[in-house]
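Need coordinates for the following:
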Amino acid sequence: MRQRISFCTTSDGVRIAYAIAGNGPPLIRVGGWLTHVERDWDSPVWQHWLREFANRQRVVLDRVARGQSNTQIAQTLSIAAKTVRNHVSAICGKLDISSRAQLIVQAREKGFGAD
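A predicted model of the protein is given here:
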């Protein structure tokens, strides 16, 4: 997963670095001295969070394969419709798919959306 490192400045002049990687809900991690963000991806401390995000995308994909709208999926999973849209965009990016219809077809071919 590729990250983008950015900086911001607080109202009292403290400069803060932050990283953005992927889509979905934000994870906030307070870094210590000489923190290496890249190593966190392999850390057992963070692996359960990364697995949970992957699991959530599979659940969203299954709902898309069933023909549910982003709003319906959001209501079912108790998350924001924008979060669903971000998951769908991430899934399409991973699979190099440009339309929801293509996503539904491929998801059903892989067994998603079946009862």
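
which of the residues in stretch 66-77 are buried?
66, 68, 70, 73-74 (16 or more other CB atoms under 10 Å). Backbone N, C-alpha and C define where each C-beta goes, glycine included.

Heading C-terminal from the helix or strand containing V84, find the next helix or strand.
Using DSSP states H and E, V84 sits in helix 81-95. Next along the chain after helix 81-95, taking DSSP H and E as the criterion, comes helix 100-109.

For that following helix, name the packing helices and strands.
In terms of contacts (3 or more CB pairs under 8 Å, 6 or more residues apart in numbering; DSSP states H and E), helix 100-109 is packed against helix 44-65, helix 81-95.

domain assignment for the protein?
Annotated domains of the chain cover 4-39, 44-109 [automatic domain parsing].

Averaging pLDDT over each of those, report the lowest-scoring one.
Here the domains of the chain differ in mean pLDDT, and the lowest is domain 4-39 at a mean of 67.

which parts of stretch 89-103 are buried?
90-92, 97, 103.

can you redo these as CSV with distance to Q57?
Converted to CSV, the buried residues of stretch 89-103 look like this (distance: CB to CB, whole Å):
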residue, distance to Q57
A90, 6
I91, 6
C92, 11
I97, 13
L103, 12
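
about what we covered before: the helix holding V84 to helix 100-109, inter-axis angle?
Here helix 81-95 runs at an angle of 70 degrees relative to helix 100-109 (axes from the mean of the first three to the mean of the last three CA atoms, to 10 degrees).

Name the surrounding residues that touch helix 81-95.
Identification of contacts with helix 81-95 by CB atoms under 8 Å, 6 or more residues apart in numbering yields 22-25, 56-57, 60-61, 64, 70-71, 73-74, 77, 97-98, 100, 103, 106.
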